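Student: Okay, predicted coordinates and the sequence, questions at the end:
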Amino acid sequence: QVQLVESGGGLVQAGGSLRLSCTASGNIFAITDMNWYRQAPGKQRELVAGISRDMSTNYADSVKGRFTISRDSAKNTVFLQMNSLEPEDTAVYYCNFRMRLFIVSPERDYWGQGTQVTVSS
């Protein structure tokens, strides 16, 4: 059974920082892409940042220059350093891994349970 467990969410004032982490456990053959999504109340889930196995990264325009994604592939873990947080960043943040559980199995997307980030003004 594969599980993605997130941590690091919470309540912070505008201008503050938080660091999210997400670790995958279980029988995993390979992880290609690691992503962070978020979903605010009444809005669609959106991609915040992604990092591929070769460490190339991409960011939503709204977080460029403020958020940094990184990964520790040996520990099946992805991080999201969030600085200069704004009330508009308030949302549930979800990690998403594209993984292959066995050498012969196809790649699939797996999701964490979500962690709440609340930024007060």
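Tutor: Now that the structure is in, tell me what you want to look at. Residues are numbered from 1 along each chain as shown.

Student: most centrally placed residue in this protein?
Tutor: residue 36 (2.7 Å; Cα atoms, centre = their mean).

Student: and that one, what are its bridge partners?
Tutor: Counting by DSSP bridges, residue 36 is bridged to residue 49, residue 95.

Student: burial count for residue 72?
Tutor: 11 (other Cβ atoms under 10 Å). Any C-beta I mention is one placed from the backbone N, CA and C, and that applies to glycine too.

Student: For it, report the pLDDT, please.
Tutor: On the pLDDT scale, residue 72 is placed at 97.

Student: Then residue 7?
Tutor: We have a pLDDT of 95 for residue 7.

Student: now residue 106, nearest residue through space, not along the chain?
Tutor: Distances taken as Cβ to Cβ, 6 or more residues apart in numbering put residue 100 closest to residue 106, at 7.0 Å, once the chain neighbours are dropped.

Student: Test my guess that the residue nearest to the centre of the chain contacts residue 97.
Tutor: No - using Cβ atoms under 8 Å, residue 36 and residue 97 do not qualify as a contacting pair, with a distance of 10.6 Å.

Student: Looks to me like residue 88 is in a helix.
Tutor: Yes - Residue 88 sits within a helix when classified using DSSP: H, G, I helix; E, B strand; the rest coil.

Student: can I assume it is in contact with residue 66?
Tutor: No - between residue 88 and residue 66 there is no contact under Cβ under 8 Å: 11.1 Å.

Student: could you show me where the strands are in the protein, in order?
Tutor: Counting by DSSP state E, the chain has strands at residues 3-7, 10-13, 18-25, 30-39, 46-51, 57-59, 67-72, 77-82, 91-100, 108-111, 115-120.
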